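J.: dropping the sequence and predicted coords here.
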Amino acid sequence: MSISKTHRDDVERLEKLLKDTDVQLVECMKQIKLMAEEKVSRQKELKELQEDA
């Protein structure tokens, strides 16, 4: 029985780790998307400034 409980505890710990990792991955992907959008915006702004100069 103790092996089964140990196994169960390990599985629960790994499931929590996977869930936490998934949450972190989503947050990182959102940051990457935001940074890409900012880059595009800054490139447009730079192009406009260069055209005005």
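T.: Thanks, I have it. Residues are numbered from 1 along each chain as shown.

J.: ok, now how distant is the one residue sitting closest to the centre of the chain from residue 18?
T.: With distances taken as C-alpha atoms, centre = their mean, residue 28 lies nearest the centre of the chain, 1.9 Å away. Noted for residue 28: a distance of 15 Å to residue 18, by C-beta to C-beta, to the nearest Å. Heads up, the C-betas are built off the backbone N, CA and C, glycines and all.

J.: residue 52 now?
T.: To residue 18, residue 52 is 51 Å away according to C-beta to C-beta.

J.: neighbour-wise, which of these two wins?
T.: residue 18 (10 against 6; other C-beta atoms under 10 Å).

J.: where does that one land on pLDDT?
T.: Each residue has a pLDDT score; the one for residue 18 is 98.

J.: check residue 1 too.
T.: 54.

J.: low-confidence regions, the protein specifically.
T.: Within the chain, the ranges that satisfy pLDDT under 70 run 1-2.

J.: just the helices in the protein please.
T.: Applying DSSP state H to the chain gives helices spanning 2-52.

J.: burial of residue 19, as a residue count?
T.: Residue 19 has 10 neighbours, counted by other C-beta under 10 Å.
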